[in-house]
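A.B. asks: Sequence first, then the predicted structure, then my questions.
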Amino acid sequence: MRISAGFTAPLALALSCALLPQASLAQEAAKVTAASPDGSMVLTVTTDADGRPTYSLSRKGKLLVGASSLGFILADGPTMVRGNRIVGSDIGSGKETWEQPWGERRFVTDEHNDLVVKFEQVPEWGGRRMNVRFRLFNNGFGFRYELPEQAAMKTMKIADELSEFALTQNGSAWWIPGGEWNRYEQVYQKTPIDGVSTAHTPITMKLDDGTHIAIHEAALVDYSGMWLKRITGTTFRSTLSPSPNGPKVVRDLPFNTPWRTMRIADNAAGLVENDLELNLNEPNKLGDVSWFKPMKYIGIWWGMIRGDWTWAEGPKHGATTERTKQYMDFAARHHFGGVLVEGWDKGWNGNWFGNGKDFSYTQATPDFDLKAVTAYGAKKGVQLIGHHETGGNIANYEAQLDDAMKLYASLGVHAVKTGYVADAGGILTPGDGPGTYRMEYHDGQRQVEHHLKVVETAAKYRIAINAHEPVKDTGLRRTYPNWIDREGARGMEYNAWGQFANGPSHEPTLVYTRMLSGPMDFTPGVLSLEGANQVPLASTLAKQLGLYLALYSPIQMAADFIENLEAHPRELAFIEQVPADWAESHLIAGEVGEYAIFARKDRNSADWYMGGVNDATARDLALKLDFLDPGMTYTATIWKDGEGATYATQARHRIAYETRKVRKGDVIPLWLAPGGGAAVRLHPGK
């Protein structure tokens, strides 16, 4: 729903000399300036003495981003860096409020100023043209390259993109390395900003003066994913995910690149409550997607992760008809909307990792009756959540994609988890001849194209996609609202594979890093607090509940075995109640990498929920209930860390419960254990 339409209006615009195409590069360069809607940020775009396009940004009168270069290295011609001059500019602004079909908040406000700067290289440098569109919000900015149709270049073969962010201060950075074998599934490290090497985005930083920033990208379509490489000091430059074809991106003109983005805030909450990337994506292209309903689900999954069951056929096979019906019975009793079943199809026997050539997406194993379980679930009001693991072999998957989605649609399956388990650089695509293959990166142009093909095909059959081992989220859920979720970080499964494998600060760091890109299928709810061989999780029992509020997803799993969930009836009651769709979301307390407490309002009732997660440091909080609706009394039902609880010992199981009456402005004191958390339901009336 659009509440107010966009409009155009003049911006601050200054030219230091005439913008004549014939102007010599030796003349003083033109400068174009623009400001954010509230005037707090001022952007300056110019060229240097060699004709290299640059931009800089000041905030509150202080230089935040120094002169930063723009341009490309091409695989088949001179660089699009030197020899540029500004030959014109366009200005505009817009303001609207739009509605999400599901999400952290129902309504999103987009208020921005726009500046398009037109560059043209002198003939001796190729005479090529590119436009750079800058969009300034009050809480950050983005820019993209817009390559117009032109005689000097028909197809652009990009060896690399040279977009810079020359930060003027040092500080702390939270980041993971780009291009490693385990993709995005890494523990975030905290270093000085000038200690970063090459990082995936989002990368989050807290500057010496307290300013919080996060650098990322938006609307990644038909292009390679951007990594961020530190050049020198606190200056960073984009570098694109590799391609086996030589050029990292090949595009026919005209086309637009993804947006390069920077969120900017005074504090952690301003960084989190920021819809910049969503606002830089195109509106919904699918129309009515009410057939997807946010939900909680359970699954035949944790048993395979722990090694109790297998994906492969045999005596320990997890995905049997009998077990699926048992899980559907549990789901119906406890109001879960779906049951995920992995290992139901043929192809899991043998070595499928990074291979996937034997996977069938329409043929079930002998001990799994796909039609019978979907029919059984339909009678119970529980849907099967489908599963398509590729082993990284997208050639095999694309050959079966339409048939696979058609089959699921015919059986009433409306959500599918996809997987691409392979080392980075291990995506198999068809080669130049029969029986030949190319190996692509998980976030290269070909894989970006593949993921969109899957989402568009799924939409044709009214199916939602939850991608694991994905390309990172860049806000495309706005344009394709059936793209409900992604993984793209170390999830709960790592806790099954080693003691404290993720560590107590992992989730409080994800809130301010990975989660800035979009929803994550983290799979919380391991109430037993045990992985394989009784390996303990770096979590208290209350933290497992706090995860449902800290890490947003429109599909939230209760990941433990159903018998372990039933052994914790009071905790299971919270998981049953907590929504997966919100009208409002606010970070009411937190610091990057330390702790995060949210207040979220249910989209479908007057209930509020509050809670979150903590790192290894115990802390006392006083949470003021300013977010509640005035004039109402609420019953606060509280699940919190018990006295002496800590993730480091068996005391991790200690949990306490409390009920109290509260009103707007009241304060709830809360103690968070090391590795702890909390969850609160605030229900109006009796």
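C.D. replies: Good, I have the coordinates. Residues are numbered from 1 along each chain as shown.
A.B. asks: what helices or strands is the helix or strand hosting residue 600 leaning on?
C.D. replies: Per DSSP states H and E: residue 600 is located in strand 595-602. Contact partners of strand 595-602 among helices and strands, from 3 or more CB pairs under 8 Å, 6 or more residues apart in numbering; DSSP states H and E: helix 541-550, strand 582-591, strand 608-614, strand 619-624. Where C-beta positions appear, they are placed from N, C-alpha and C, glycine not excepted.
A.B. asks: Do you have the helices of this structure handy? List them.
C.D. replies: 268-272, 276-279, 302-306, 321-333, 370-380, 394-410, 445-460, 506-510, 541-550, 562-566, 569-577 (DSSP state H).
A.B. asks: Please tell me how far the shortest one is from the chain's geometric centre.
C.D. replies: On the basis of CA atoms, centre = their mean, to the nearest Å, helix 276-279 sits 12 Å off its chain's mean C-alpha point.
A.B. asks: Can you point out the buried residues in stretch 491-507?
C.D. replies: 491-496, 500-507 (16 or more other CB atoms under 10 Å).
A.B. asks: Would you format the helices and strands packed on strand 595-602 as TSV with mean pLDDT included?
C.D. replies: Output for the helices and strands packed on strand 595-602, formatted as TSV (pLDDT from 0 to 100):
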stretch	mean pLDDT
helix 541-550	98
strand 582-591	98
strand 608-614	98
strand 619-624	98
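A.B. asks: These: which one's closest to residue 222?
C.D. replies: strand 582-591 (31.2 Å; CB to CB).
A.B. asks: by how many degrees do the closest one and helix 541-550 diverge?
C.D. replies: In terms of direction (axes from the mean of the first three to the mean of the last three CA atoms, to 10 degrees), strand 582-591 departs from helix 541-550 by 120 degrees.
A.B. asks: in its sheet, what does strand 582-591 sit against?
C.D. replies: strand 595-602 (antiparallel) (DSSP bridges).
A.B. asks: quick one: contacts of the partner strand?
C.D. replies: Contacts with strand 595-602, where a contact means CB atoms under 8 Å, 6 or more residues apart in numbering, come from 104, 268, 272, 508, 511-512, 549-550, 579, 581-590, 607-615, 619, 621, 623, 627, 670, 672, 678.
A.B. asks: Swap in 6 Å and give it another go.
C.D. replies: Here strand 595-602 makes contact (CB atoms under 6 Å, 6 or more residues apart in numbering) with 508, 511, 549-550, 579, 582-590, 608-610, 612, 614, 627.
A.B. asks: cool, and stretch 619-631?
C.D. replies: With CB under 6 Å, 6+ apart as the criterion, stretch 619-631 contacts 586, 589, 599, 662, 664, 666-672.
A.B. asks: Give me the buried subset of the residues you listed.
C.D. replies: Buried among those (16+ other CB under 10 Å): 586, 589, 599, 662, 666, 668, 670-672.
A.B. asks: Those residues into CSV, with extra columns for distance to residue 120?
C.D. replies: Below are those laid out as CSV (distance: CB to CB, whole Å):
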residue, distance to residue 120
586, 46
589, 51
599, 51
662, 63
666, 62
668, 61
670, 59
671, 63
672, 57
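A.B. asks: Tell me the buried residues in stretch 77-85?
C.D. replies: 77, 79-85.
A.B. asks: which residues does residue 212 bridge with?
C.D. replies: Here residue 212, judged by DSSP bridges, has bridge partners residue 206, residue 265.
A.B. asks: doesn't residue 264 make contact with it?
C.D. replies: No. Using CB atoms under 6 Å, residue 212 is not in contact with residue 264; the gap is 7.4 Å.
A.B. asks: Would you quantify the distance from the closest residue to residue 339 other than its chain neighbours to residue 375?
C.D. replies: Leaving aside its chain neighbours, residue 339 sits nearest to residue 327 (4.7 Å; criterion: CB to CB, 6 or more residues apart in numbering). According to CB to CB, to the nearest Å, residue 327 stands 15 Å off from residue 375.
A.B. asks: Of the two, which one has the most company?
C.D. replies: Using other CB atoms under 10 Å, the more surrounded residue of residue 327 and residue 375 is residue 327, with 25 against 13.
A.B. asks: Counting neighbours, show which residues of stretch 42-52 come out buried.
C.D. replies: 42-47, 51-52.
A.B. asks: And for stretch 472-486?
C.D. replies: Buried residues in stretch 472-486, counted by 16+ other CB under 10 Å: 472-486.
A.B. asks: What distance do you get for the nearest residue to residue 272 once chain neighbours are set aside to residue 270?
C.D. replies: In space, and not counting its chain neighbours, residue 272 is closest to residue 587: 4.6 Å by CB to CB, 6+ apart. From residue 587 across to residue 270, the span is 9 Å (CB to CB).
A.B. asks: repeat for residue 187
C.D. replies: 26 Å.
A.B. asks: and what of residue 553?
C.D. replies: 23 Å.
A.B. asks: who's more crowded, these two?
C.D. replies: Neighbours per residue (other CB under 10 Å) separate residue 553 from residue 270, with residue 553 holding more: 24 against 17.
A.B. asks: For the more buried one, give me its contacts.
C.D. replies: Residues in contact with residue 553 (CB under 6 Å, 6+ apart) are 485, 519, 521.
A.B. asks: ok, the first one - contacts?
C.D. replies: When the contact criterion is CB under 6 Å, 6+ apart, the partners of residue 485 are 466, 519, 521, 553, 555.
A.B. asks: among those, which ones are buried?
C.D. replies: Buried, going by 16+ other CB under 10 Å: 466, 519, 521, 553, 555, out of these.
A.B. asks: was I right about the third one contacting residue 464?
C.D. replies: Put plainly, it is residue 521. No. Using CB under 6 Å, residue 521 is not in contact with residue 464; the gap is 11.7 Å.
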